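Participant: return atomic coordinates for the entry below.
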Amino acid sequence: MTYISLILAVLAAVAVFLLLRKGGHSAKAPQRRDAESAKTSANLHGLPLVSSPPLAPLPQVEETSPAAQPARRSIVRTVNPHVEAMLKDFEFTRSADLPREEARAVVDMLSRIPRPPSALHKLVSPAFLATAKTAELSEMVMAEPQIAAKVLVMVNSPFYGLRSPLGSIGQAVTFLGMNTVRSVCLQYMLDESFQSKDPEVRRIFDGLWNASAFASELCFKLAQLLQLPDPGALVTQVVLSFLGHVASHSLLPKEMVLPMIAKGMLERARVEQRELGLSAAEIGSLLMREWKLPAPIVESVRDIDSVLVTPCDAAQMERSTRMAFCYICARLGERLAYGEIKDLAEYDLRQEPSVEFFHAHSYLRLPGLVRLNEFMHLPEVVKSINAMVFSMQVR
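Facilitator: Numbers count the residues shown, from 1 in each chain. Coordinates of the predicted model:
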């Protein structure tokens, strides 16, 4: 009897062991099924099957949202200490900071630049931007026959990729839009003040106005996508921001200007301040004052180039957003015009390493600009800009 009891006890122990072992396997079975399910789902969606490494702990990131930290005034991302040192070493000189005789000499030089057509004042006025119709723009441009002829040549060029020629400013507005035609008119009105018979100098001016065309096209398309207020005013400011660059190039000797084309904005500004006393932005603002353009426009345009050396000020959200947006469009316009960006779809603004974009990166965290890089790659933007790039290559 004792022997039989012993056997029964052993059998009971084995049964318990087997039950416990079975329970352990069944606890792991759902994990296997989940893994198989994930593989099946990946195959259905055409995704590659990869083994995922264990998740690393998330790094502690300082919150830079203006809403999260309203007391902080600036958002700065240090990418390269050497670049940061270069920018700290440079400061824009304002005309008010120049000695009186030097300031007078600059003003005298600018006073010798011919005035643009009187229609310029109307073209940039806030009232015209807000209320102008196609007929009013056509009438204003046709009152300047030379400008009208140049505008029609430009809109019918491969640059804008129209399938059939246009015979009037009104038709140009219909096919290209009010802001595109108005920006072309503005470029040619400004260009009237900078004529040269030297083909090399003419090419320099043309390159800058081509950059402004790229910049204004980007500006209007992206401003609409970002839902920035008053995109027409932003386009005007972007085009006018090139005025100082054209003016400074016209005042410097050709032998000095030709090497500057290949230089970045910081290097150009250093040369301008050394040789002329002021950089392009300040020269442009003085010239606009000389031409008696509205003071708010002059100040807004002058502020654009200051993004080069100024980190984002989150306390002035609207001003910082508009200023940086215009600056980024202008710098991208230059790169597109000079062939440094050949395909907008392959360009990533977030990875831009140049000194000109060092502080611009901090502005991309503003709510109004956070999707800028994303919208730059939308098909309707890429197609339009790349078509303009291609037209320049085949000219």
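Participant: only C-alpha atoms for contact and neighbour calcs from this point on.
Facilitator: Will do.
Participant: next, the distance between the ends of stretch 332-352.
Facilitator: Distance between the two ends of stretch 332-352: 11 Å, counting by CA to CA, to the nearest Å.
Participant: tell me which residues in that stretch are buried?
Facilitator: 332-338, 341-345, 349 (16 or more other CA atoms under 10 Å).
Participant: pLDDT on that stretch, on average?
Facilitator: Averaged across stretch 332-352, the pLDDT comes to 95.
Participant: with stretch 293-307 instead?
Facilitator: Stretch 293-307 shows a mean pLDDT of 94.
Participant: how about residues contacting that stretch?
Facilitator: For stretch 293-307, contacts defined as CA atoms under 8 Å, 6 or more residues apart in numbering pick out 92, 121, 125, 237-238, 240-241, 281-282, 284-285, 288-289, 323-324, 326-327, 359-360.
Participant: tell me the one among the buried residues of stretch 332-352 nearest to Ser138.
Facilitator: Nearest to Ser138, judged by CA to CA, of the buried residues of stretch 332-352 is Gly333 at 26.6 Å.
Participant: which helix or which strand is home to that closest one?
Facilitator: Secondary structure here is read from DSSP states H and E; on that basis Gly333 sits in helix 317-337.
Participant: from the chain's centre, how far out does the first helix or strand past that helix going along the chain sit?
Facilitator: Beyond helix 317-337 on the C-terminal side, the first helix or strand identified by DSSP H and E is helix 360-363. If you compare the mean C-alpha spot of helix 360-363 with that of the full chain, they lie 11 Å apart, counting by CA atoms, centre = their mean, to the nearest Å.
Participant: average model confidence for helix 360-363?
Facilitator: Mean predicted lDDT for helix 360-363 stands at 95.
Participant: which strands and helices lie in contact with it?
Facilitator: strand 312-313, helix 317-337 (3 or more CA pairs under 8 Å, 6 or more residues apart in numbering; DSSP states H and E).
Participant: can you redo these as CSV with distance to Ile261?
Facilitator: As requested, these are arranged in CSV below (distance: least, CA to CA, whole Å):
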stretch, distance to Ile261
strand 312-313, 28
helix 317-337, 10
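Participant: indicate which one of these is closest to Glu101.
Facilitator: Taking CA to CA as the measure, the helices and strands packed on helix 360-363 were each checked against Glu101, and helix 317-337 came out nearest at 31.4 Å.
Participant: which of the residues in that closest one are buried?
Facilitator: 320-337.
Participant: which of the helices and strands packed on helix 360-363 sits closest to Asp206?
Facilitator: When these are compared for distance to Asp206 using CA to CA, the nearest one is helix 317-337, at 9.8 Å.
Participant: phi and psi next, for Ile297.
Facilitator: Note on Ile297: backbone dihedrals following degrees, to the nearest 10 are phi -70, psi -40.
Participant: could you pull out the strands in this structure for me?
Facilitator: For the chain, the strands defined by DSSP state E occupy 74-75, 312-313.
Participant: weakest of those in terms of mean pLDDT?
Facilitator: Least confidently modelled of those is strand 74-75, at a mean of 39 by mean pLDDT.
Participant: where are the low-confidence patches of this structure?
Facilitator: Low-confidence segments of the chain, defined by pLDDT under 70, are located at 1-79, 393-395.
Participant: domain parsing for it?
Facilitator: Structural domains assigned to the chain are 74-114+197-393, 116-192, following automatic domain parsing.
Participant: doesn't Val309 make contact with Leu87?
Facilitator: Yes. With contact taken as CA atoms under 8 Å, Leu87 and Val309 are classed as touching, separated by 5.8 Å.
Participant: and the two? Which one has more around it.
Facilitator: Each of Leu87 and Val309 has its neighbours counted (other CA atoms under 10 Å); Val309 has more, 22 against 18.
Participant: residues contacting the more buried one?
Facilitator: With contact set as CA under 8 Å, 6+ apart, Val309 has these partners: 87-88, 90-91, 359.
Participant: mind giving me the PyMOL select for those, buried ones only?
Facilitator: This is how PyMOL selects the buried members of those, with burial counted by 16+ other CA under 10 Å:
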select buried, resi 87+359
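Participant: let me have the contacts of Val309 in CSV, adding distance to Pro116 as columns.
Facilitator: Output for the contacts of Val309, formatted as CSV (distance: CA to CA, whole Å):
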residue, distance to Pro116
Leu87, 35
Lys88, 37
Phe90, 33
Glu91, 31
His359, 34
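Participant: are any of the contacts of stretch 293-307 buried, and which?
Facilitator: Among the contacts of stretch 293-307, the ones that count as buried (16+ other CA under 10 Å) are 92, 237-238, 240-241, 281-282, 284-285, 288, 323-324, 326-327, 359-360.
Participant: which pair in those residues spans the largest distance?
Facilitator: When CA to CA is used, the two most widely separated members of these are Met288 and His359, lying 26.6 Å apart.
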